[in-house]
Each structure stands twice: as C-alpha cells, then as structure tokens.
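[1] Give me a model of this one.
(chains A, B and C)
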Amino acid sequence: MKKTSIVALVTDFGVKDNFVGVMKGVISGINPRAQVIDITHEICRYSVRQAAFILWQSFKYFPYETVFLGIVDPGVGSLRLPIAIKSKHYFFVGPDNGILSMAAQSDGINNAVVLQKEKYFCKNISHTFHGRDIFAPVAAYLAGGLPLSKLGKYIDDIQEMPFPLPSVNARTLEGKIVYIDRFGNLITNIKKDILEKFLQGEKFIAHLNGKPIKRINLFYEQENSKEPFFVVGSFSFLEVCLNQKSAKDYFSIDSTKDYKIKINRIAI
Amino acid sequence: MKKTSIVALVTDFGVKDNFVGVMKGVISGINPRAQVIDITHEICRYSVRQAAFILWQSFKYFPYETVFLGIVDPGVGSLRLPIAIKSKHYFFVGPDNGILSMAAQSDGINNAVVLQKEKYFCKNISHTFHGRDIFAPVAAYLAGGLPLSKLGKYIDDIQEMPFPLPSVNARTLEGKIVYIDRFGNLITNIKKDILEKFLQGEKFIAHLNGKPIKRINLFYEQENSKEPFFVVGSFSFLEVCLNQKSAKDYFSIDSTKDYKIKINRIAI
Amino acid sequence: MKKTSIVALVTDFGVKDNFVGVMKGVISGINPRAQVIDITHEICRYSVRQAAFILWQSFKYFPYETVFLGIVDPGVGSLRLPIAIKSKHYFFVGPDNGILSMAAQSDGINNAVVLQKEKYFCKNISHTFHGRDIFAPVAAYLAGGLPLSKLGKYIDDIQEMPFPLPSVNARTLEGKIVYIDRFGNLITNIKKDILEKFLQGEKFIAHLNGKPIKRINLFYEQENSKEPFFVVGSFSFLEVCLNQKSAKDYFSIDSTKDYKIKINRIAI
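    Below is the predicted model:
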C-alpha cells in the first residue's frame, strides 16, 4: 500500500445523511494515503444518466491513475453487477448500469472485471449500501496499487449508455437539453463545431419551449442585455444563458422533462 | 505532533456559512497532518438527538483512534460543559448535552474529561462558537497524540441520551420513526432480529399514519411494485421504503413530528 | 514543489455541479500535497460583496501561507483582470472585482500581480470557467512555493470594496444587516466597542423592520425568552438573534433587500 492516489466521487447520496462520510471512513481505514475528492453528491436521485454525463465531463481534469467511484444505484442488491474498469489513464468503479460507460469509453477501456473477491469488501455486506460495503473498499485498494485482475474475473462488455447526438436535416439542427447547472444555464448536446459546420457562415434563429435565441456570445456577461444567448460553456457544449439570470426560469424549464432545441439556418 | 489521524465531524452548521471552513483552518494550523472528514453538517438545527443517532450509526466505519467532533450546541456559552471522551477505540469531543453518548457508550467509555486547559483552546474564546474556539483545537491536539488527561479533570458521568426501544405486547410490536434519509426512506427503531423474534414465523401487517405495509424485501428495487415495504437498511434497522419513490411523501410524514409504527402479527 | 500548503475556497459555485470537483482535480494534478479546504461554495449567486465579507471573516483562522481562492465572477471572460495578491501572511487569488479586497487589505497587502503567464494556466482556457483554467492552477503553484512575481507583472491598485460602517448622530446609531447565517441570525455591521462607546452606560432600544430589540446577551440560549436580542457573535459583530428560532423569520427579513437597524440611546 505504497502509492498515494485520488478517489473521486460522483453519487446521488446527498450530504444530509452519513452515506458519504462512512464511505470516506472505510476508504481511510484501508488506505490512509488516499485523498478523496467529491465531484458531486447532488445527482438527481436515481438519475444514472445525469451521473454518467457529469463523470464524463469531469474525469479528464484529474491526474492519471485517479480512481472514480460512480454510484447511482437504484438496483443495489439486485441482479446488476458491481464492476471495476481500467481505462487508458484511469480507474472506474461502480454498478454496471451505464454510469461509468461514457467516461470510461471516452478514455478507452483496457479491461473490466466483475467484483467478486470478498476479501476486498467490508465484512458484512448489506443489501442496500454497496457504496460503503463493496465500492468504497475496492476503490481504496485500487488507489493503493492493487491490480484490477485481483478483484474478479474479466468481463467482455459493460452496460452502455450512449450520449444522445443532435440530428441535422436540410435547414434545422435539433438538439436537446442534457443538463442544467446551478446558475440555470441550460447545457445542450450540441458542440460548437457541429453548429459551425451546420451554419456554414449563415445566421440562425433557435427556439426552445416557444421562445427564440438569436445570438452566440463569447462569455456570460453582456452589457445591457436581457435576451438569452448561447455560450460555448465549460462543458464544451452550447449552453443557453442569460446575463446574471437563470435561463431555466426564463424558458420555464421543468428539470424533470425533456426539451428539444431547434436551430434554423437563415440565408443571408 | 507525529501521528497522522482523522477528525470526523457531525454538526448542524450547514455549509452555507463559514463555520465548518474556519474549524478546518484551526485544525490545520494546530495539526497539519490531521485529515478532516465530514460525516454531515446538515443535522436539523438544534437536534441533538438526530446528531447523536447519526454519530452512533457512523463511528464504527472509521479507523481506530479517529477523533469525532459532535457539535449541535444550542446551549453554547451557557452552563453545559465541553467534554472529551476516550472510548475503547475512539475519541469523542463536543458539548455534554447527550450528543456523544450513544456512540461513546456503544464503543465502551474508558474515560471522560471536562475541557479546562485554555492552552489547548483558541486565544480569544467567543460565547457563540465553541466549535471553532474549543472543540476544533482540542480535536486537533487529540488527533496529534495528546493524552486525554492533559485536557482537564476526569468526570464520572456524561449526559446520556438513551435510544428509544420498541415495545412489544401480545400481538403488537410498536416502534417509531427515528430518522428520514435523503431518499425519503423512513428509518425505524426496530432491528430485524426483534421483528423475527416477535413474528415467530407468522405473517404481519404494519400501519404507519393510517396506511398499511405488508411486505419485507431484501433490497430497494422491486419489479412493478408501487406498494411500500420494509427493508433492513444500511443503518441495520427496518426502513419503510418504496421503489424509487419517497416513503416520506407516500405516508405524508412531517419530519418535525413523531410517528408510531405498529406491526401486528397475523396467525396463519 | 516541496512545500505542503493549504488552498481554501470561497465561491458561488454550489456543490450540485462538478465545478468545485474539477478545480480540486486540477489542483491535485499540479500539487499533490496541496490540501484543499472548502470555506463555502454557497455564496449567493453573483454576490461579490457577500463573498468578500465571508473571506474577510475567515482568513485569519487559517495557518500562515494559506492560499485563498475567492471566485464570484459574473464578469468571467470579459475585461476584469485575474489577479494574485501576497499579503503580510497569506496569498489571495481571484478576479479583480473586489472579492479579495477586504481580506487582503485587512492583513496588509505586500504585492499584487495580474495573472499573465499561461504556463501556469490549464492548456485550453475557456471563456466561462477561469476557476478551473486559471485560478485553480495558479493557486496550486503558489501553494507549492512559486514566487508571486513569476505569475505576471505587478499592479499598483486592486479593485476595492469598502465595508459599510455604521453612522452615529446625537442619539442614534444606525447600522445595517450585512449577512444572514443558516440559523437565521442577522449579522450587523456594528462592533461591540462602537455600541459601548455610543451608549456610554445608558440603556438602548433598537428597531429593525418595525420591531424592537431591547437586550444584549452573552450567548444564544436564554431561559424562557421569546424576545429578540443582540449577541456579539463569532463574526465579532452584533447579531440579532432569538433563542433556537430564526430572527430572519421573526423580523420578516427578505435576504435580497437592504435593512437598516437603528439603536437609540435612552437616558436613565
């Protein structure tokens, strides 16, 4: 247990209860040098898709060899398998329900195993909290240098969760809202290069929930502007924003529903 | 100050203000090797009982010698004493209002002292924030190996806060809701062995706030089920749950009120 | 990169998104020994003033050489400059919008630089997240011992944000509410010595939003009291409080509005 390494967490456990704290206690007991970093514990309850997105959009900012724990696990204790993945530069640990797939595939998967070796688990395994009893101890051992192969037998496939791509036809680029941040910025699934290729230098008008978006700006603060605009945000996707206001409120977005965003090319 | 050790926190300080941050600053200044782990800061304001429960349900997942700071302290600055406890495997620091008792007694109390030695406090002690001025520095010193006896004189008793046990009569087991987690699961004070001994192989029907509970399941996810059920949760108590729904909402539970849960044995 | 040091954070980023987590990932990649402490991420969105206040009221509890990151940055990507400050005992990093000024000036500013050297930034600098791309890496390097002068050229002035002082006339001391904590305590801009000098041993009656405050107490818990009172709080300012109740609710305070508090001297 010589190596010092990082365990980074994405869960829907919140911070009200003791779930995250006891996971950190378990990790410290196994690997006192592990440094635990919270990415977020505020994933919407049971939203495997949102957690997969956040993990995907976060992993590359961490040092190589970081062990990522992704736990949104409505099927805990049932048939879904607990797995660990070695990708090109990182490790990923969690339930095999798709939560790890966007990030691990983006980095390139080397190997994946099903977690079977109980010597690397807590002693009494509950049916309701594998985060504490299986995933945290396994992450602590991996961060300490334990080879993936010690944890269980290799599996060929993991559960996939493809990221929804925008669709393009003659004059319309159609995307969707995939995430809403604390500031009410609406993150779409449209990358800037896709928009530029679609526009080919022409102007555009976009619509979301019945309201138009007419501009794309470099940054959030626009002098005297009360109109919504696109920004290429830190997630590298187009975001719908307002200056110091919530676009979520402006467009009356209900975060539990799906919304399409249509961008139409306007010939000059 | 050679030892590296853990200071784990349970408070009602929240994370909006700078209370927890400055406590960590104070700890780092005294003991740069101390590793601080947040169990939770979202205990309901002034709820000593809830904090005592969470501390009790968390401590055993931490490495031996961990120093637990439990601070819900509506009487700060008044007559209640600041104390530190050495239990069989751990240290506990906080106000003597019962917050430490369930956990420390569960582990077995070796010694307790009243915190009197101002050389181990911050220089200017406020009347309103002993977390920063007394408890954080004392925890930092204990985590660094300072003997308990240096902190003040021994006391024989600490304020107790007994955990409410369920009651049993002929055909009814009566418990109560003691905690509600982020997912809306309702944690009762009934352990599985108590239920099994009570049932003696017979069936049961339980009632909570006028609605029935008829089943006990192994885990949260139940195919096609919209009915509530019991699970033996990660707290090792019976929890009232729904599959991917909030039992708190289903049973119309107001978290500021007390609720009884009655389990009746049904002869087969 | 020999030194172990602390990076302490004050932001309005919240903990729902991955903003803070990826900043910590960036810091760990540059300086694995840096210890990151969250002061708060729950500053009201865009409230540079609130962040400046919290940073000011927190810094002195941290060990010397701590690097403070203060990021509330509605102008990110626009003309406001990114800066770093060496004060008498600490470092401060953030946008030059006033957020750092109360704290840095209180400690005494030695030098300030504009952040220009891209070798100390992340490789691809977004227009929307300088916390990750500029401020976090710079803080990581400073915590590792990099001299301030390496980061860019010296500047003579930083953006100031003066703390509002109470006003005094013949028989009235007029202050304002500058912060509201989690417990609903209302922190004023009036220090105890100002009040004592004003009162000169006479009694007082204060008014806030149409309701009176008649007493000043040593601590929060007052036996049988349902009336509001002042306490000299942990911020060292007079706070308006109730015993285990929210003064914010009692006085019907809307946290987005400004409130004056008037203290009148009563001849005995």
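[2] which of the residues in stretch A:204-219 are buried?
    Buried positions in stretch A:204-219, judged by neighbour count with 16 or more other C-beta atoms under 10 Å in any protein chain shown: A:F204, A:A206, A:L208, A:I213, A:I216, A:N217, A:F219. Quick note: C-beta positions are derived from backbone N, CA and C, even for glycine.
[3] Likewise for stretch A:31-38?
    Buried residues in stretch A:31-38, defined by neighbour count with 16+ other C-beta under 10 Å: A:N31, A:P32, A:A34, A:Q35, A:V36, A:I37, A:D38.
[4] can you check stretch A:188-204 too?
    Those would be A:T188, A:N189, A:I190, A:K191, A:I194, A:L195, A:F198, A:F204, for stretch A:188-204 by 16+ other C-beta under 10 Å.
[5] Next: stretch A:107-119.
    Quick answer for stretch A:107-119 (16+ other C-beta under 10 Å): A:D107, A:I109, A:A112, A:V113, A:L115.
[6] Nearest to chain B among those?
    Nearest to chain B out of these is A:L115 (C-beta to the nearest C-beta; 16.7 Å).
[7] Which residue comes closest to that closest one once chain neighbours are left out?
    The shortest distance from A:L115 to any non-neighbouring residue, by C-beta to C-beta, 6 or more residues apart in numbering or on different chains, is to A:P82 (4.1 Å).
[8] That neighbour: how many residues sit nearby?
    23 (other C-beta atoms under 10 Å in any protein chain shown).
[9] List the beta-bridge partners for it.
    Assessed by DSSP bridges, A:P82 has beta-bridge partners A:P95.
[10] picking up where we left off before, mind checking which of the buried residues of stretch A:31-38 land in strands?
    Counting by DSSP state E, the part of the buried residues of stretch A:31-38 found in strands is A:Q35, A:V36, A:I37, A:D38.
[11] Which ones, among these, also lie beside chain C?
    When contact is defined as C-beta under 8 Å from any C-beta of the partner chain, those meet chain C at A:Q35, A:I37, A:D38.
[12] ok, so of these, who is nearest chain C?
    Using C-beta to the nearest C-beta, those come closest to chain C at A:I37, 4.7 Å.
[13] Confirm for me that that closest one is in contact with A:L9.
    Yes. Using C-beta atoms under 8 Å, A:I37 makes contact with A:L9 at a distance of 7.1 Å.
[14] Break down the stretch 51-200 of chain A into its helices, ranges please.
    Using DSSP state H, counting those that start in this stretch, the helices of the stretch 51-200 of chain A run over residues A:101-107, A:130, A:136-143, A:192-199.
[15] Which residue does the stretch 1-150 of chain A have closest to chain B?
    Distances between the stretch 1-150 of chain A and chain B by C-beta to the nearest C-beta are smallest at A:G77, namely 2.9 Å.
[16] Please tell me how far that residue sits from B:T256.
    31 Å (C-beta to C-beta, to the nearest Å).
[17] Get me the contact residues on chain A for chain B.
    Within chain A, the residues that sit near chain B (C-beta under 8 Å from any C-beta) are A:13-22, A:24-26, A:28-29, A:32, A:45-46, A:74-78, A:126-129, A:132.
[18] Turn the buried residues of stretch A:188-204 into TSV, columns for pLDDT.
    What follows is the buried residues of stretch A:188-204, written out as TSV (pLDDT from 0 to 100):
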residue	pLDDT
A:T188	97
A:N189	97
A:I190	97
A:K191	94
A:I194	92
A:L195	91
A:F198	93
A:F204	94
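[19] Dump the residues you listed into a markdown table; add distance to chain C as well.
    Shown next, in a markdown table, are those (distance: C-beta to the nearest C-beta, whole Å):
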| residue | distance to chain C |
| --- | --- |
| A:T188 | 14 |
| A:N189 | 17 |
| A:I190 | 16 |
| A:K191 | 13 |
| A:I194 | 18 |
| A:L195 | 16 |
| A:F198 | 21 |
| A:F204 | 20 |
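[20] Now do A:K192 against A:F235, distance only.
    Where A:F235 is concerned, A:K192 sits at a distance of 11 Å (C-beta to C-beta).
[21] how deep is A:S167 tucked in, by neighbour count?
    Neighbour tally, A:S167, other C-beta under 10 Å: 11.
[22] Would you mind naming the residues that bridge with it?
    In this entry, A:S167 is beta-bridged to A:E174, by DSSP bridges.
[23] I'd say it and A:E174 touch.
    Yes. Using C-beta under 8 Å, A:S167 is in contact with A:E174, at 5.0 Å.
[24] Mind telling me which residue of chain A is nearest chain C?
    Counting by C-beta to the nearest C-beta, chain A gets nearest chain C through A:F219, at 2.8 Å.
[25] what number of residues lie near the residue lying closest to that residue once chain neighbours are set aside?
    Nearest residue to A:F219, sequence neighbours excluded (C-beta to C-beta, 6+ apart): C:G77, at 2.8 Å. Using other C-beta under 10 Å, C:G77 is surrounded by 18 other residues.
[26] ok, back up a step: just the buried residues of stretch A:107-119: which are in strands?
    Using DSSP E, the buried residues of stretch A:107-119 in strands are A:I109, A:A112, A:V113.
[27] can you list those in TSV and add pLDDT and distance to chain C?
    Shown next, in TSV, are these (pLDDT from 0 to 100; distance: C-beta to the nearest C-beta, whole Å):
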residue	pLDDT	distance to chain C
A:I109	98	20
A:A112	98	23
A:V113	98	25
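[28] and A:K153, how many neighbours does it have?
    Neighbours around A:K153, by other C-beta under 10 Å: 9.
[29] actually A:I158, sorry about that
    Neighbours around A:I158, by other C-beta under 10 Å: 21.
[30] Give me the distance between it and A:N209.
    Relative to A:N209, and taking C-beta to C-beta, A:I158 is found at 35 Å.
[31] can you check A:A8 too?
    A:A8 sits at a distance of 34 Å from A:N209 (criterion: C-beta to C-beta).
[32] Right, I'll leave it there.
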